[in-house]
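Sequence and computational prediction follow.
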Amino acid sequence: MVNLSGAAGADVGTLAEQLVAAGYNPIVTPVAATADRVHLTGAAMSPKLVEPGDLFVAVTGARAHGADFIQEVIDRGAAAVLTDPAGVVKVREAAGYRLPVIEVAGVRDAAGPAAAAIYGTTATSDPALFGVTGTNGKTTTTYFLRSLLRAVLTPQGRETGLIGTIEIAAGQERIASEMTTPEAVALHKLMHSFRGKNVAAAAMEVSSHAISYQRISGLYYDVAGFTNLTQDHLDLHGTMEDYFAAKADLFRRARTRTSVITVDDAAGHQMAAEATGHVVTLSTNGQPAQAHWEVSEVEPAGLGSAFTLANRHTGERIRTSTALPGAFNVSNAALAAVMVLEAAASSERTQAFHRQDVVEALQTAQPFHIQVPGRMQVIAEQPAAIVDFAHNPDAMIRALEAVRRPTGRLILVIGAAGERDATKRPTMGAIAVRMADHVIISDDDPHGEDPAEIRAGLLNGARDAIATGGLSTTLEEISPRADAIAAAVAAAEPEDTILLAGRGHEVHQDVAGTRVEIDDREELARTLKAKGFATLDGGA
Ligand SMILES: CC(=O)N[C@H]1[C@@H](OP(=O)(O)OP(=O)(O)OC[C@H]2O[C@@H](n3ccc(=O)[nH]c3=O)[C@H](O)[C@@H]2O)O[C@H](CO)[C@@H](O)[C@@H]1O[C@H](C)C(=O)N[C@@H](C)C(=O)N[C@H](CCC(=O)O)C(=O)O
Ligand SMILES: Nc1ncnc2c1ncn2[C@@H]1O[C@H](COP(=O)(O)OP(=O)(O)OP(=O)(O)O)[C@@H](O)[C@H]1O
């Protein structure tokens, strides 16, 4: 029996049947009716999170095998284990036949359906899920999505949820987020907790890591959206083709009911061609794309933009706006809008999403006039001082384009994360000196890498671009980051623009395992005030 009741729980026999139905070939030991009847009240993949009655899902990884921690897991009260053949050996050696073990070949993949059975996730269970993937724009689009969902669902007395890089939220409740997309077991547990908190719909970032590591297994998306695909994460995916293939996995009928694909680039067109199920295309850059939905009549509105969303087939036209700077935020807002409009068009969720409510919210409730922490966050206006999360080549280009003003100099502070795709560093250095007037190369999260070497990667690209392009850009290397921010402010005149890129909402750097507290937004505001400039949070 699938668990459709409010309480979490399934017994080992039921779980094994569910895994068979999902296409796995589980072997349960010991072979005994008593093992089948062992009741599981929850699940955990991290040993530290195991609670009494849980299924412990032991996966193998680069650092360890979860089954290495079996004693701790038993001490914490685990009732059964789901693991691979190597894990079975480890459990049996350490604990004999004290608890049932379910053996499958692909544990990460089976973790989803197993947790779904325990926590009661089905294709139609609440909350309706809105997943967003793509290299850039996931966080912003999910914030926009949630804001629009809230405008539609709050009058119905329902709550909304959010899962992403910055936070996990259920109604008013907020939980700090450790990953962009949590592990499958944690996700199903969250779905269960969302249901208990009256959450009717949730917006969720889906990273390519999550897809590759099967974290979204056992989930079903009402609507999934694609933003764009440009260089990043090649340390994990190896090639852009593999990176594309990871993202494409989300847009299959088996995972997603409706796919909304932004077709502003070749990757978008290819994604739309390969997606299965109901596919809806969106064009946001004014290029003729024969898309279902097109953005037109983009006009400046405050720091952001107003725009029209037009449906090429029905002739419907919806005027809305975003307060966030940058053409890319029109794309993000349009994607969020079309995702909810398409959910309203689906017969599965007609009760929750009335199309007219969605249109009205878009036209009157200003759902895209929210601030997204550390995404194009304006700290001051004279000089213009902005904190942004751009940390790959495409995002840098778009962020620098967005903040460039007709007058004044553009001062940029940039670093790159250690132990992450090093091939993008020279490109990022070159973009920086081509697009800004004054570039200060500093540190991001070095993790275990030597910060000076990371800076050298950026500096090499920057120096090459200056030499080959005959550029007159001022280039400096300043570490630590607080000194780089101070230097940027010291160099700024009121008509200039300062962009701190790469760290956005982050509040500490990981330097060889040590946390160095630094919040770009606070540091920038403090330094600007010290120099007598006014900031938007008040004071000078
Ligand atoms: C590259 C990557 O994603 N690795 C993930 C993968 O690691 P892994 O395969 O090496 O596994 P492992 O760390 O050896 O752990 C195996 C098992 O042993 C357990 N273990 C392991 C070591 C230990 O000390 N104690 C312990 O209990 C683990 O809980 C797990 O059950 O599986 C682990 C457990 O499931 C994840 O924690 C780990 O994410 C690490 C922390 C990570 O940093 N991931 C990042 C890169 C990531 O996923 N980022 C994306 C966003 C990317 C972006 O857009 O920028 C995200 O969705 O967050
Ligand atoms: N649609 C877009 N296209 C290109 N660049 C974008 C887009 N939206 C945002 N950006 C840029 O990318 C940065 C990261 O944006 P956001 O956090 O929304 O994306 P993300 O996909 O969640 O990124 P990450 O996975 O790295 O957290 C922004 O700070 C901005 O500079």
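Right, received. Where do you want to start? Ligands and ions are numbered 1, 2, ... in the order given.

Please make it C-alpha for all contacts and neighbour counts, starting now.
Will do.

List the residues that contact residue 147.
367, 368, 370 (CA atoms under 8 Å, 6 or more residues apart in numbering).

Please dump these into TSV; it should also carry neighbour count for every row.
Formatted as TSV, the contacts of residue 147 follow (neighbours: other CA atoms under 10 Å):
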residue	neighbour count
367	25
368	29
370	14
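
In helices, which of those fall?
Among the contacts of residue 147, no member falls in helices (criterion: DSSP state H).

near ligand 2, which residues of the stretch 51-200 of the chain show up?
Contact residues, the stretch 51-200 of the chain versus ligand 2 (CA under 6 Å from any ligand atom): 135, 136, 137, 138, 139, 140, 165.

now, which of those residues lie within strands?
Per DSSP state E, strands hold no members of these.

So for the protein, the centremost residue is which one?
Closest to where the C-alpha atoms of the chain average out (CA atoms, centre = their mean) is residue 205, at 3.5 Å.

And the residues of the stretch 51-200 of the chain next to ligand 2, which is closest to residue 110?
For these, the residue nearest residue 110 by CA to CA is residue 165; the value is 24.6 Å.

Do I have it right that the closest one meets residue 139?
Yes: counting by CA atoms under 8 Å, residue 165 does reach residue 139; the two are 6.8 Å apart.

Need the per-residue pLDDT for the residue nearest to the centre of the chain.
At residue 205, the pLDDT value in this model is 97.

now the one 10 residues further on
The score at residue 215 is 96. That number is its pLDDT.

Distance of the closest residue to it other than its chain neighbours relative to ligand 1?
Excluding its sequence neighbours, the residue lying closest to residue 215 (CA to CA, 6 or more residues apart in numbering) is residue 184, at 4.2 Å. Counting by CA to the nearest ligand atom, to the nearest Å, the gap from residue 184 to ligand 1 is 9 Å.

just residue 435 next, same as before
Noted for residue 435: a distance of 24 Å to ligand 1, by CA to the nearest ligand atom.

Strands of the stretch 1-150 of the chain, residue ranges please.
For the stretch 1-150 of the chain, strands defined by DSSP state E, counting those that start in this stretch occupy the ranges 10-11, 27-29, 39-40, 42-44, 54-58, 80-83, 101-103, 128-133.

Then the stretch 301-450 of the chain?
304-311, 317-322, 377-381, 384-388, 410-414, 438-441.

Can you name the next helix or strand after the helix or strand of the chain with the lowest mean pLDDT?
Taking mean pLDDT, DSSP states H and E as the measure, helix 234-237 is the helix or strand of the chain with the lowest mean score, a mean of 66. Downstream of helix 234-237, the first helix or strand assigned by DSSP states H and E is helix 240-248.

Okay, buried residues for that next one please.
243, 244, 245, 246, 247, 248 (16 or more other CA atoms under 10 Å).

Need these in CSV (columns: pLDDT).
Shown next, in CSV, are these (pLDDT from 0 to 100):
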residue, pLDDT
243, 83
244, 90
245, 89
246, 87
247, 90
248, 94
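
Pull the number of nearby residues for residue 448.
A total of 14 residues lie near residue 448 under the criterion other CA atoms under 10 Å.

Ignore what I typed, I meant residue 142.
Neighbours of residue 142 (other CA under 10 Å): 29.

Return the distance of residue 527 relative to residue 401.
To residue 401, residue 527 is 25 Å away according to CA to CA, to the nearest Å.

Likewise for residue 435?
Distance, residue 435 to residue 401, using CA to CA: 8 Å.

Who has more neighbours out of the two?
Neighbours were counted for residue 435 and for residue 401 using other CA under 10 Å; residue 435 has more, 18 against 14.

pretty sure residue 248 contacts residue 270?
No: with contact taken as CA under 8 Å, residue 248 and residue 270 are classed as non-touching, separated by 9.3 Å.

Make JSON lines out of the contacts of residue 147 and add pLDDT and distance to ligand 1.
JSON lines is the format used below for the contacts of residue 147 (pLDDT from 0 to 100; distance: CA to the nearest ligand atom, whole Å):
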{"residue": "367", "pLDDT": "98", "distance to ligand 1": "25"}
{"residue": "368", "pLDDT": "97", "distance to ligand 1": "22"}
{"residue": "370", "pLDDT": "94", "distance to ligand 1": "22"}
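
Can you narrow those residues down to the ones near ligand 2?
Answer for the contacts of residue 147 near ligand 2: none qualify (CA under 6 Å from any ligand atom).

what's the pLDDT at the residue in the stretch 401-540 of the chain that ligand 1 sits nearest to?
Nearest residue of the stretch 401-540 of the chain to ligand 1, counting by CA to the nearest ligand atom: residue 420, 8.1 Å away. What the model reports as pLDDT for residue 420 is 87.

Same check on residue 167?
Residue-level pLDDT assigned to residue 167 equals 94.

hey, what's it bridged with?
Beta-bridge partners for residue 167, by DSSP bridges, are residue 176.

what about residue 225, which SS state?
Secondary structure, DSSP: H, G, I helix; E, B strand; the rest coil: residue 225 is strand.

could you dump the strands of the stretch 1-150 of the chain to CSV with mean pLDDT?
Listed next are these as CSV, based on pLDDT from 0 to 100:
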stretch, mean pLDDT
strand 10-11, 93
strand 27-29, 93
strand 39-40, 95
strand 42-44, 97
strand 54-58, 98
strand 80-83, 97
strand 101-103, 97
strand 128-133, 97
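
want to throw these into TSV with distance to residue 535?
Listed next are those as TSV, based on distance: least, CA to CA, whole Å:
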stretch	distance to residue 535
strand 10-11	55
strand 27-29	63
strand 39-40	54
strand 42-44	45
strand 54-58	49
strand 80-83	54
strand 101-103	58
strand 128-133	33
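
Minimum distance to ligand 1: which of the ones you listed has it?
strand 54-58 (5.5 Å).

what comes into contact with that closest one?
Contacts of strand 54-58 (CA under 8 Å, 6+ apart): 40-47, 50, 65-67, 73, 77-84, 87, 107, 111.

How about stretch 506-517?
For stretch 506-517, contacts defined as CA under 8 Å, 6+ apart pick out 374, 444, 445, 446, 447, 448, 449, 518, 519, 520.

Would you mark the buried spots in it?
Those would be 506, 508, 509, 510, 511, for stretch 506-517 by 16+ other CA under 10 Å.

ok but the third one is inside a strand, no?
Yes: counting by three-state DSSP, residue 509 is located in a strand.

Would you list the phi and psi of residue 256?
The phi/psi pair for residue 256 (degrees, to the nearest 10) reads phi -140, psi 130.

was I right about it contacting residue 218?
No: the criterion here is CA under 8 Å, and residue 256 misses it with residue 218 at 11.2 Å.

So what's the residue count around residue 157?
11.

Give me the phi and psi for it.
phi 80, psi 20.

In TSV, list the buried residues of stretch 506-517 along with distance to ligand 1 and pLDDT.
Converted to TSV, the buried residues of stretch 506-517 look like this (distance: CA to the nearest ligand atom, whole Å; pLDDT from 0 to 100):
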residue	distance to ligand 1	pLDDT
506	13	95
508	16	94
509	14	95
510	12	93
511	15	92
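
Could you export those as a markdown table, including distance to residue 279?
As requested, the buried residues of stretch 506-517 are exported to a markdown table (distance: CA to CA, whole Å):
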| residue | distance to residue 279 |
| --- | --- |
| 506 | 35 |
| 508 | 40 |
| 509 | 40 |
| 510 | 41 |
| 511 | 44 |
